[in-house]
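K.L.:
What follows is a predicted protein model with its sequence.
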Amino acid sequence: MSLIPSFFSSRRSNVFDPFSLDLWDPFEGFPLSTNFPSSARETTAVANARIDWKETPEAHLFKVDVPGLKKEEVKVEVEDGGILQISGERSKEQEEKTDKWHRVERSSGKFVRRFRLPENAKVEQVKAAMENGVLTVTVPKEEVKKPEVKAIDISG
């Protein structure tokens, strides 16, 4: 869900979603040049942490797939203005000189996902829990006050 539509990648995108603040990477999908610092290569490695956002009558629920990460490696923050930021880092596995790698498919590096929360979110009551590689962030909602309706008698 990018602010700029991504016609060149397989990542799903929705420019009409006002709550998504994912950053568009114009170099995504291109071979990385040796001119980029290693931190830039690592940041794009796990940039696509998969997140589901569901709204219930009581709360907004975010479920993030972070297999293999410990809770100490993931950070959940709420910034001023109601921005929920979920970030983390998967460390690269130690390489031994005697090791012979046949395949490397698991990604390593940093990820950051940001979402603008609706005005009815209680940002001071956000909770997060991790179980079996899935981070669940719960953002309670304020109750919507129904307008009081007073019946008026009609005379005559």
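P.N.:
That came through, no problem. Treat the numbers as computed from the prediction; the structure is a model and nothing was measured. Numbers count the residues shown, from 1 in each chain.

K.L.:
Quickly list what the residue nearest to residue 137 when sequence neighbours are not counted is bridged to.
P.N.:
Of all residues not flanking residue 137 in the chain, residue 62 sits nearest, at 4.1 Å (C-beta to C-beta, 6 or more residues apart in numbering). Where you see a C-beta, it was placed from the backbone N, CA and C, and this is true even at glycine. Assessed by DSSP bridges, residue 62 has beta-bridge partners residue 53, residue 137.

K.L.:
How about the contacts made by residue 62?
P.N.:
Residues in contact with residue 62 (C-beta atoms under 8 Å, 6 or more residues apart in numbering) are 51-53, 84, 86, 115, 135-139.

K.L.:
Skipping its backbone neighbours, what lies nearest residue 142 in space?
P.N.:
Distances taken as C-beta to C-beta, 6+ apart put residue 120 closest to residue 142, at 4.8 Å, once the chain neighbours are dropped.

K.L.:
what's the distance between the one you found and residue 60?
P.N.:
9 Å (C-beta to C-beta, to the nearest Å).

K.L.:
again with residue 106
P.N.:
30 Å.

K.L.:
Looking at these two, which is more packed in?
P.N.:
The neighbour count for residue 106 versus residue 60, taken as other C-beta atoms under 10 Å, is higher for residue 60 (22 against 12).

K.L.:
Measure how buried the nearest residue to that one once chain neighbours are set aside is and give me the count.
P.N.:
Spatially, and ignoring its direct neighbours in sequence, residue 60 is nearest to residue 139 (4.3 Å; C-beta to C-beta, 6+ apart). Applying other C-beta under 10 Å, we find 24 residues neighbouring residue 139.
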